[in-house]
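In: show me how the following folds:
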Amino acid sequence: MSNKSQLWTVLAMLEWATGYFESKEIPDPRLSIEWILADILGIKRLDLYLQFDRPLSQDELNAIRPLVKRRSEFEPLQYITGSAQFLNATIGVNRDVLIPRIETEQLVDLLLSDFEAKKNQPIHLLDIGTGSGCIPIAIKKEFPDWHCYGLDLSKNALDVASSNAELNQTEVSFFRADLN
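Out: So this is what the prediction gives:
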């Protein structure tokens, strides 16, 4: 990627970075560069292939380089892009919170299925150790009549959770507490 005279297109970057990530044994090398490129270009991953011959500007290349380096050091994509998808919500993440896991998403999905008949009742739900707030936010988006709360010891995590509630336009109350 250091050859300054080369014209870098979306496709050229996809191919180069995939090979680079493969050489570093990064899991899902193609997916990794797709996420990074889509994030930098502000487009969906699918749109990369609709714009494969689009030239990348010097500013875009300068933004991509440090992200490729971070990924080559096995940093999770969600921390690099600053967000993760969780059911029906976009969840901002950083090193103050854990990245939402697929198992947690499945657990929330089960809860939503099991309580579908009670979705219009004013049920109170408390998520202990809320972290990013993904659980109460996703539930509140599906069951707006529920009163959802998140509790965490970390002020930084609660700041992330509050930002995520605002981002997803949900009313979730977050509290700092230690259950010891």
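In: let me see the ranges of the helices in this protein.
Out: 10-23, 29-41, 45-50, 58-72, 77-81, 102-114, 134-142, 155-167 (DSSP state H).
In: looking at these, which is closest to residue 92?
Out: helix 155-167 (5.4 Å; CB to CB). To be clear about C-beta, it is placed using only N, CA and C from the backbone, and glycine gets the same treatment.
In: how far away is the spatially most central residue of the chain from residue 61?
Out: The centre of the chain sits closest to residue 84, judged by CA atoms, centre = their mean, with a distance of 1.4 Å. Residue 84 is 26 Å from residue 61, where distance means CB to CB, to the nearest Å.
In: can you check residue 80 too?
Out: 16 Å.
In: shaky segments in the protein?
Out: In the prediction, the chain carries residues with pLDDT under 70 at positions 1-5.
In: around the residue nearest to residue 17 when sequence neighbours are not counted, how many other residues sit close by?
Out: Using CB to CB, 6 or more residues apart in numbering and skipping residues adjacent in sequence, the residue nearest residue 17 is residue 33, 3.7 Å away. Neighbour count of residue 33, defined by other CB atoms under 10 Å: 27.
In: list the contacts for residue 33?
Out: Applying CB atoms under 8 Å, 6 or more residues apart in numbering, one finds that residue 33 lies in contact with 13-14, 17-18, 21, 68, 71.
In: and these, which is closest to residue 90?
Out: residue 71 (20.2 Å).
In: would you mind splitting this protein into its domains for me?
Out: 10-81, 101-176 (automatic domain parsing).
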